[in-house]
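Colleague: Dropping the sequence and predicted coords here.
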Amino acid sequence: MTIIKGRARVDRRTKNLVKRLDPQDIAVIAHDGIDKLAAEALVTTRVRIVINCLKSVSKDYPNSGPGILLDSGVLIIDNVGLDVLELIQEGDEIDIVGSRVYKDGEIVAQGAILDHEIISEQEELARARMDEVLAGFVDNTLTYARQEISLISGSLQYPEISTVFNNRHTLIVVRGNNYREDLRTIQSYIREVKPVLIGVDGGADVLREFGLRPDIIIGDMDSVSDEALKEAREIIVHAYKDGRAPGLDRIRELGLDAKTFPAPGTSEDIAMLLAYENGADLIVAVGTHSNMLDFLEKGRKGMASTFLVRLKVGSLLVDAKGVSQLYNAPVQSRHIAKIFLAALLPVAAVVGLTPATREIVYLMYIQLRVLLGI
């Protein structure tokens, strides 16, 4: 049987692990139901094998992550148990034989090798539970909406900020599904309108990928790079309702200033509220979560805060896809110049083919040489 050797990279959080993965590494994760975003990030690193301590296929919904990995040639050894996180350390050289994992010649884990047939069977089981899952999701959403009503009741304490929102558009970027494609489609809108740019945690790095500097970074600071934090004009740390803000320690270690925003809900929710309360004319969303499948992918059992916030800001909120279809950039002088030059080409061609015109041009050429003494 073929033995696959490689270096292990270990982390409970996939989004942290992908920052350290090199091509041909073996990723050891604990990801219950691998979502699309995590799978695409793993594929980008060109990882060889994914060893998952938990079940890669969700029991609650048909998640696409495992299929994306298999389609890209990544081997998945599934559900090996959490003990492996202690048995395999970062950088260990390990051997894979079939579905067994060896370290120093001793077996340390064994799971199931996933294939498309197994994934399809498990997805069918998840689809059969969708009615039950949906009912529970709605119940949780309504229950927690009552507890998080402060999001729209006016009782939140908003931080004082220097960024001006009034009479401007605001672009909020979250590292969610299709964020790169969506941001790419609205480049002309960003250039012409120059909206306030808010990166929600890792969304700030997305802005930087496109050569944009975040006006504000908001979040719990667990997935944004130091470089993005140092470039941001303002930083707002999402705090618990009691004021505790664990992410603030990291900001202080970097020697940066930040404000806190104690509030329930997700960071993308409070980013929208911040723009709304400060007078934004329009809020454009990239990569945000807005439906049940988005939230199930994030492991959430409801979307109370998002439901409430969308009720409040809905009249100003537009998805990036809508902007790309509706936005018409104003005609600029460079566009007119290109059209004018293009129109001159056939004229020049006709002139060049006319004998009389060629004679005139030739005589002008001779006269120019005489004048210049050439």
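Modeller: Done, it's in.

Colleague: Model confidence for the most centrally placed residue in the chain, exactly?
Modeller: The centroid of the chain falls nearest to Arg175 when counting by Cα atoms, centre = their mean (1.8 Å). In this model, Arg175 is scored at 87, pLDDT.

Colleague: which ones are touching the closest residue to it other than its chain neighbours?
Modeller: Nearest residue to Arg175 in three dimensions, chain neighbours excluded: Gly202, at 4.1 Å (Cβ to Cβ, 6 or more residues apart in numbering). Every residue, glycine included, has its C-beta placed from N, CA and C. Residues in contact with Gly202 (Cβ atoms under 8 Å, 6 or more residues apart in numbering) are 15, 175, 223-224.

Colleague: now the helices for the stretch 51-200 of the chain?
Modeller: 65-71, 84-87, 116-128, 130-147, 150-153, 179-185, 187-193 (DSSP state H, counting those that start in this stretch).

Colleague: Can you mark which positions in the longest one are buried?
Modeller: Within helix 130-147, the residues scored as buried using 16 or more other Cβ atoms under 10 Å are 133, 137, 140-141, 144-145.

Colleague: Kindly reformat these as a markdown table containing distance to Arg180.
Modeller: Formatted as a markdown table, those follow (distance: Cβ to Cβ, whole Å):
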| residue | distance to Arg180 |
| --- | --- |
| Val133 | 29 |
| Phe137 | 28 |
| Asn140 | 31 |
| Thr141 | 29 |
| Tyr144 | 31 |
| Ala145 | 32 |
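
Colleague: What segments of the stretch 201-350 of the chain are helices?
Modeller: Using DSSP H, counting those that start in this stretch, helices in the stretch 201-350 of the chain cover 203-209, 226-231, 247-253, 267-277, 292-297, 304-313, 320-326, 333-353.

Colleague: shaky segments in this protein?
Modeller: Confidence mapping of the chain against pLDDT under 70 gives the ranges 1, 290-295, 297-302, 324-374.

Colleague: Recalculate using a threshold of 50.
Modeller: Counting by pLDDT under 50, the chain has low-confidence residues at 329, 331, 339, 347.

Colleague: Can you report how many residues neighbour Pro262?
Modeller: Neighbourhood size, Pro262 [other Cβ atoms under 10 Å]: 17.

Colleague: who wins for neighbours among the contacts of Gly202?
Modeller: Going by other Cβ under 10 Å, Val224 tops those with 26 neighbours.

Colleague: The longest strand anywhere in the chain: partners in the sheet, and parallel or antiparallel?
Modeller: Counting residues, the longest strand found in the chain (DSSP state E) is strand 3-10. Sheet pairing here is set by DSSP bridges, and for strand 3-10 it gives strand 26-29 (parallel), strand 93-97 (antiparallel).

Colleague: ok, and which of the ones you listed has the densest surroundings?
Modeller: Comparing the strands paired with strand 3-10 by mean neighbour count (mean count of other Cβ atoms under 10 Å), strand 26-29 comes out on top with a mean of 26.

Colleague: what sits against Ala135?
Modeller: Ala135 neighbours (Cβ under 8 Å, 6+ apart): none.

Colleague: That one and Thr141, how far apart?
Modeller: Between Ala135 and Thr141 the computed distance is 11 Å (Cβ to Cβ, to the nearest Å).

Colleague: ditto for Ile94
Modeller: 42 Å.

Colleague: burial count for the nearest residue to Gln187 once chain neighbours are set aside?
Modeller: Of all residues not flanking Gln187 in the chain, Phe210 sits nearest, at 7.3 Å (Cβ to Cβ, 6+ apart). When neighbours are counted by other Cβ under 10 Å, Phe210 registers 13.

Colleague: Could you list the buried residues of stretch 70-87?
Modeller: Neighbour-count burial for stretch 70-87 [16+ other Cβ under 10 Å]: 70, 74-80, 84-85, 87.
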